[in-house]
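> Quick one, structure for this:
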Amino acid sequence: MQLSNSEEQLMEHLWKLQKAFMKDLLEAFPEPKPATTTVATLLKRMIAKNFVAYTEIGNAREYYPLVKKEAYFSKHVNGLIKDFFNDSASQFASFFTRETNLTENELQELRKIIDVELQKKKK
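Predicted structure coming up:
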């Protein structure tokens with residue numbers, strides 16, 4: 001299941017905070033801040049999708065993520081590769097390196113990451 005753009009933005013704040021009350025989430029947003037009812041609606045949807053849960057503390061709810069950020073984005077990147085690049089990571093890598101205007105340093109950094117992963121595979 002996927003999050004909408006608004007839900008993803010809220011989830012980013014929750015991943016950063018790890019646990020948060022409604023006031024903490026509202027404070028995390030830049031101006032103009034969304035209405036409390038908007039955030040409440042988003043949280044309700046995200047709970048229904050099993051992305052978020054909460055603990056009742058008195059009559060307040062402390063929200064926390066049920067899904068790790070890395071797992072969420074990994075699933076989406078893999079879906080992107082499957083849907084748009086014929087399930088070919090090399091086609092994706094080729095597109096990514098050509099179309100994102102990476103600097104020489106960023107390309108060198110990518111090379112290092114790939115070299116480390118290659119070493120792991122050889123073990």
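
> Double-check Lys33 against Leu26; I have them as touching.
Yes: Lys33 is in contact with Leu26 according to Cβ atoms under 8 Å; the separation is 5.7 Å. (C-beta placed from N, C-alpha, C; glycine too.)

> OK, contacts around the residue nearest the centre of the chain?
The chain has Lys69 as the residue nearest its centroid, 4.5 Å off, counting by Cα atoms, centre = their mean. Lys69 makes contacts with Met11, Glu12, Trp15, as judged by Cβ atoms under 8 Å, 6 or more residues apart in numbering.

> Skipping adjacent residues, who's closest to the last one in space?
Across the structure, with Cβ to Cβ, 6 or more residues apart in numbering as the measure, the residue nearest Trp15 apart from its sequence neighbours is Lys69 (4.6 Å).

> any idea how far the one you found lies from Val116?
21 Å (Cβ to Cβ, to the nearest Å).

> got the CA coordinates for the helix or strand where Leu118 lies in PDB?
Taking DSSP states H and E as the definition, one finds Leu118 inside helix 104-122. C-alpha atoms of helix 104-122 as PDB (Å, rounded to 0.1, in the frame of the first residue of the first chain):
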ATOM      1  CA  GLU A 104      32.000  13.900 -10.400                       C
ATOM      2  CA  ASN A 105      32.200  13.500  -6.600                       C
ATOM      3  CA  GLU A 106      28.700  12.000  -6.500                       C
ATOM      4  CA  LEU A 107      29.600   9.500  -9.200                       C
ATOM      5  CA  GLN A 108      32.800   8.600  -7.300                       C
ATOM      6  CA  GLU A 109      30.700   8.100  -4.200                       C
ATOM      7  CA  LEU A 110      28.300   5.800  -6.100                       C
ATOM      8  CA  ARG A 111      31.300   3.800  -7.400                       C
ATOM      9  CA  LYS A 112      32.500   3.300  -3.800                       C
ATOM     10  CA  ILE A 113      29.100   2.100  -2.700                       C
ATOM     11  CA  ILE A 114      29.000  -0.300  -5.600                       C
ATOM     12  CA  ASP A 115      32.500  -1.500  -4.900                       C
ATOM     13  CA  VAL A 116      31.600  -2.200  -1.200                       C
ATOM     14  CA  GLU A 117      28.500  -4.100  -2.300                       C
ATOM     15  CA  LEU A 118      30.500  -6.200  -4.800                       C
ATOM     16  CA  GLN A 119      33.000  -7.100  -2.000                       C
ATOM     17  CA  LYS A 120      30.100  -8.300   0.200                       C
ATOM     18  CA  LYS A 121      28.800 -10.500  -2.600                       C
ATOM     19  CA  LYS A 122      32.200 -12.100  -3.100                       C
END
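
> Lovely, talk soon.
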